[in-house]
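Undergrad: Next input, structure requested:
(chains A and B)
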Amino acid sequence: MSAFAALFRRDLALAWRARGDLVNPLGFFVIVVSLFPLGMSPDPALLARIGPGLVWVAALLAVLLSLENLFRSDRDDGALEQLLVSSAPLPLLALARVLAHVITVGVPLVLVSPLLALMLNIDGEPFGVLLSSLALGVPVLCMVGAIGAALTTGIARGGVLVALIVLPLYIPVLVFGAGAAYAAGLGLPFAGQLAILGALLALSVALAPFAIAGALRISGSQ
Amino acid sequence: MWAYLERLWHRLGSPRHFYDLAGWWLPWLAVSSLLLLGVGITWGLLFAPPDYQQGHSFRIIYIHVPAASLALTGYFAMAVAGVVVLVWRMKMAEVVLQSIAVPGAVMCALALFTGALWGKPTWGTYWFWDARITSMLILLFLYLGVMALGSAIASPVLAARATAVLAIVGAVNIPIIKYSVEWWNTLHQPATFKLTEKPAMAPEMYWPLLVCALGFYLFFAFVVVLRVRNAVLEREAGARWVRELAGEGR
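TA: Residues are numbered from 1 along each chain as shown, chains lettered A, B, ... in the order given. So this is what the prediction gives:
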């Protein structure tokens, strides 16, 4: 457990010392969302209808872009080998790493999303449902995405490959996440979708660390 | 009996013995799949009665359903091979895993294509974002991811292990694909046939479908075995038995 805490604190400290980089996914998130009204139509009714989906897709892409550096710099400077040979269980270390990523990338995305929801004319019940679905779903995106990041860490130009591997796995999260807010907008029940998102979160926290650890061992021996 | 099976398993684990054994299977697989496909497709396309609602357009079922079923089975088989790769580090499972990806993706694409052809006369549209069609598309994406990852890693052993992890993770999606009909209950009709229940189709439509499905599975097995043998030769190109096979050093 102390290795877990140590790695978690180290990752947070590293993120804090390069805090300028933390703004990048947020900037990406906001810019992508604001492209849609420009590309389609600024009609408030239309935006309110498709808004939850736009915010979800943009959040998903922002998480995807942030995955690139999850393990790569550690592999380049040899820190990854230290994690692999450490006596602490690797899945636990992987969980610490992803948890730090959720806090430094995921939480800010969720915190910025109310602003975007307002800009897209989403209010009332869908507003709250969108925020809760993002709060439940973005950590799932980080957990699942980390598997793809770990698998492609040893590959020179892994960026596009991560997208190809991870995006299909993101689709159920997107369907339920955006679906919850969309259903709320139509006045339909949405608790089911949120419950499934919660189940996906529990499932990914329980299982993904093992897949990440397995993938890291493979990437580490390349 | 048990000892025999165990010996067979161990023999299958060795590339050289697998190559020899699979060479025996190939003609059987080829002949039986050709026979069944010939019978099933002729029966289904020419002799089965037309559907009372869809007319002749329903006949695409004889290609569509086996292809879709194989696309799912193929992915599941990849995940099983992936478990064998990661747990027992079996060399042959690595080869099998990577040999399934391309035929599986082709079956998935075939299912989507035939579905679109059938959708135009029946639903009035080639494509509809229905849960089941969409999850088939996701399955195709999953196959593409496995293929891309496998070809991006130079070392065959590490490529196989990485794709094994990805195949297992992706297999978590298969239940979602399979049961999405019940979950979202949209435009697409529910699963066409189940082994556990009496088919709702007329028997004269159902039997040719079963024959076609069996033929497709045997054909798939034929293609996979062919690819596995090829991959074994490529991997073991330096081994003595391969060189002898190629007629070197005689």
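Undergrad: how about the residues of chain A near chain B?
TA: Neighbours of chain B within chain A, by C-beta under 8 Å from any C-beta of the partner chain: A:144, A:147, A:151-152, A:154-155, A:158, A:161, A:164-165, A:167-169, A:171-172, A:207, A:211, A:214-215, A:218-219, A:221-222. Quick note: C-beta positions are derived from backbone N, CA and C, even for glycine.
Undergrad: If any of the residues you listed are buried, put those into a ChimeraX selection.
TA: Buried residues within those, by 16 or more other C-beta atoms under 10 Å in any protein chain shown, are selected in ChimeraX with:
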select /A:144,147,151,152,154,155,158,161,164,165,167,168,169,171,172,207,211,214,215,218,219
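Undergrad: where does chain B have low pLDDT?
TA: Residue ranges of chain B with pLDDT under 70: B:131, B:173-174, B:176-200, B:248-250.
Undergrad: And the helices in it, which stretches?
TA: B:2-13, B:15-42, B:61-88, B:91-123, B:131-152, B:156-171, B:173-184, B:203-235, B:240-245 (DSSP state H).
Undergrad: Mean neighbour count, these: which tops it?
TA: helix B:156-171 (a mean of 23; mean count of other C-beta atoms under 10 Å in any protein chain shown).
Undergrad: if we look at that one, which residues are touching it?
TA: By C-beta atoms under 8 Å, 6 or more residues apart in numbering or on different chains, the residues outside helix B:156-171 that reach it are A:144, A:147, A:151, A:154, A:165, A:168-169, A:211, A:214-215, A:218-219, A:221-222, B:75-76, B:78-79, B:81-83, B:85-86, B:93-95, B:97-98, B:101, B:142, B:145-146, B:149-153, B:235.
Undergrad: again, 6 Å this time
TA: A:147, A:151, A:211, A:214-215, A:218, A:222, B:78-79, B:82, B:85-86, B:94, B:97, B:142, B:146, B:149-150, B:153 (C-beta atoms under 6 Å, 6 or more residues apart in numbering or on different chains).
Undergrad: Show me how far that helix is from its chain's centre.
TA: Computed by C-alpha atoms, centre = their mean, to the nearest Å, the chain-centroid distance of helix B:156-171 equals 17 Å.
Undergrad: next one: stretch B:39-54
TA: Worked out by C-alpha atoms, centre = their mean, stretch B:39-54 lies 24 Å from the chain centre.
Undergrad: Identify each buried residue in it, please.
TA: B:40, B:41, B:43, B:44, B:48, B:51.
Undergrad: for the residues you listed, which one is nearest residue B:218?
TA: residue B:40 (10.9 Å; C-beta to C-beta).
Undergrad: Run through the neighbouring helices and strands of the helix ranked longest in chain A.
TA: Counting by DSSP H, the longest helix found in chain A is helix A:191-220. Helix A:191-220 sits against helix A:90-101, helix A:125-151, helix A:159-185, helix B:156-171, with contacts defined as 3 or more C-beta pairs under 6 Å, 6 or more residues apart in numbering or on different chains; DSSP states H and E.
Undergrad: Now with 8 Å, please.
TA: In terms of contacts (3 or more C-beta pairs under 8 Å, 6 or more residues apart in numbering or on different chains; DSSP states H and E), helix A:191-220 is packed against helix A:79-85, helix A:90-101, helix A:125-151, helix A:159-185, helix B:156-171.
Undergrad: Looking at those, spot the one closest to residue A:49.
TA: The nearest among those, by C-beta to C-beta, is helix A:159-185 at 6.6 Å.
Undergrad: and that closest one, how far from the chain's centre?
TA: For helix A:159-185, the distance to the chain centre is 10 Å (C-alpha atoms, centre = their mean).
Undergrad: Tell me the buried residues in that helix?
TA: A:161-185.
Undergrad: quick one on the thing from earlier: to residue B:114, which of the helices and strands packed on helix A:191-220 lies closest?
TA: Judged by C-beta to C-beta, the one of these that comes nearest to residue B:114 is helix A:159-185, at 21.5 Å.
Undergrad: What helices and strands are in contact with that closest one?
TA: If contacts are counted by 3+ C-beta pairs under 8 Å, 6+ apart, helix A:159-185 sits against helix A:44-66, helix A:125-151, helix A:191-220, helix B:131-152, helix B:156-171, helix B:173-184.
Undergrad: any chance of those in a markdown table, with distance to residue B:223 too?
TA: Shown next, in a markdown table, are these (distance: least, C-beta to C-beta, whole Å):
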| stretch | distance to residue B:223 |
| --- | --- |
| helix A:44-66 | 34 |
| helix A:125-151 | 27 |
| helix A:191-220 | 28 |
| helix B:131-152 | 15 |
| helix B:156-171 | 18 |
| helix B:173-184 | 21 |
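Undergrad: And these: which comes nearest residue B:220?
TA: Short answer: helix B:131-152, nearest of the helices and strands packed on helix A:159-185 by C-beta to C-beta, at 13.7 Å.
Undergrad: Can I get the helix or strand that contains residue A:9 in CSV? Just the C-alpha atoms.
TA: In the assignment (DSSP states H and E), residue A:9 maps to helix A:2-17. Output in CSV follows, covering the C-alpha atoms of helix A:2-17 (Å, rounded to 0.1, in the frame of the first residue of the first chain):
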residue,chain,number,x,y,z
SER,A,2,2.9,2.4,0.7
ALA,A,3,4.1,1.8,-2.9
PHE,A,4,0.6,2.8,-4.1
ALA,A,5,0.6,6.0,-2.1
ALA,A,6,4.2,6.8,-3.1
LEU,A,7,3.5,6.4,-6.8
PHE,A,8,0.2,8.3,-6.5
ARG,A,9,2.0,11.2,-4.7
ARG,A,10,4.8,11.2,-7.2
ASP,A,11,2.5,11.4,-10.1
LEU,A,12,0.5,14.2,-8.6
ALA,A,13,3.7,16.1,-7.8
LEU,A,14,5.0,15.6,-11.4
ALA,A,15,1.7,16.8,-12.8
TRP,A,16,1.7,19.8,-10.5
ARG,A,17,5.2,20.8,-11.5
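Undergrad: Could you list the buried residues of that helix?
TA: A:4, A:7, A:8, A:11, A:15.
Undergrad: for the record, mean pLDDT for it?
TA: On average, the pLDDT along helix A:2-17 is 91.
Undergrad: same question, stretch A:137-148
TA: 95.
Undergrad: what about the residue nearest to residue A:220 when sequence neighbours are not counted, how many neighbours?
TA: Of all residues not flanking residue A:220 in the chain, residue A:84 sits nearest, at 4.8 Å (C-beta to C-beta, 6 or more residues apart in numbering or on different chains). Around residue A:84 there are 15 other residues, counting by other C-beta atoms under 10 Å in any protein chain shown.
Undergrad: do residue A:203 as well
TA: 14.
Undergrad: on that earlier part again, just put the buried residues of stretch B:39-54 in JSON lines and tack on distance to residue B:108.
TA: What follows is the buried residues of stretch B:39-54, written out as JSON lines (distance: C-beta to C-beta, whole Å):
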{"residue": "B:40", "distance to residue B:108": "21"}
{"residue": "B:41", "distance to residue B:108": "20"}
{"residue": "B:43", "distance to residue B:108": "25"}
{"residue": "B:44", "distance to residue B:108": "21"}
{"residue": "B:48", "distance to residue B:108": "25"}
{"residue": "B:51", "distance to residue B:108": "25"}
